[in-house]
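Undergrad: Test case, fold it:
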Amino acid sequence: MIAKTEIASAQVNGNLASWRKCGLVKFVDWQMSGAHDIDDECDDLEANSPYPIDDVPTFPAHPSCQCNLLLSDE
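TA: As a prediction, this is how the structure comes out:
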């Protein structure tokens with residue numbers, strides 16, 4: 001569980017760092033996994049999307065989080 005959570009964190013936060021550095025991405029969407037089957041903080045995070053690139057909540061939201069951050073159309 002720890003390894004999966006750390007890998008997800010590294011992948012998504014690496015993308016965020018690249019998106020910030022390029023300067024072209026202004027907003028990102030929090031997307032829940034299709035395997036998400038319980039109500040938790042991820043429901044609220046997705047509902048409040050999109051987020052400005054510099055105000056994205058901490059990712060992952062919890063251990064074993066299977067959500068993702070995607071480029072937003074806004």
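Undergrad: Which parts of this structure are strands?
TA: 27-31, 51-52, 68-71 (DSSP state E).
Undergrad: can you list those strands in CSV and add mean pLDDT?
TA: Converted to CSV, the strands of the chain look like this (pLDDT from 0 to 100):
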stretch, mean pLDDT
strand 27-31, 95
strand 51-52, 96
strand 68-71, 91
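Undergrad: So for residue 15, which of the ones you listed sits nearest?
TA: strand 68-71 (6.9 Å; C-beta to C-beta). Glycine gets a C-beta too; all of them are placed from N, C-alpha and C.
Undergrad: So for that closest one, what gets flagged as buried?
TA: By 16 or more other C-beta atoms under 10 Å, the buried positions in strand 68-71 come out as 68-69.
Undergrad: got a list of contacts for it?
TA: Contact partners of strand 68-71, identified using C-beta atoms under 8 Å, 6 or more residues apart in numbering, comprise 12, 15-16, 19, 25, 27-31, 33, 56, 59.
Undergrad: Listing partners with orientation, what would you give for that strand?
TA: strand 27-31 (antiparallel) (DSSP bridges).
Undergrad: which residues touch the partner strand?
TA: By C-beta under 8 Å, 6+ apart, strand 27-31 touches 16, 19, 42, 45-46, 48-53, 56-57, 67-72, 74.
Undergrad: How about stretch 1-8?
TA: Residues outside stretch 1-8 that contact it (C-beta under 8 Å, 6+ apart) are 59-60, 63-66.
Undergrad: In ChimeraX, how would I select the buried members of these?
TA: Of the contacts of stretch 1-8, the buried ones go into a single ChimeraX selection, burial set by 16+ other C-beta under 10 Å:
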select :59,60,65
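Undergrad: about what we covered before: pipe the strands of the chain into a markdown table and attach distance to residue 6 per row.
TA: Output for those, formatted as a markdown table (distance: least, C-beta to C-beta, whole Å):
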| stretch | distance to residue 6 |
| --- | --- |
| strand 27-31 | 19 |
| strand 51-52 | 22 |
| strand 68-71 | 16 |
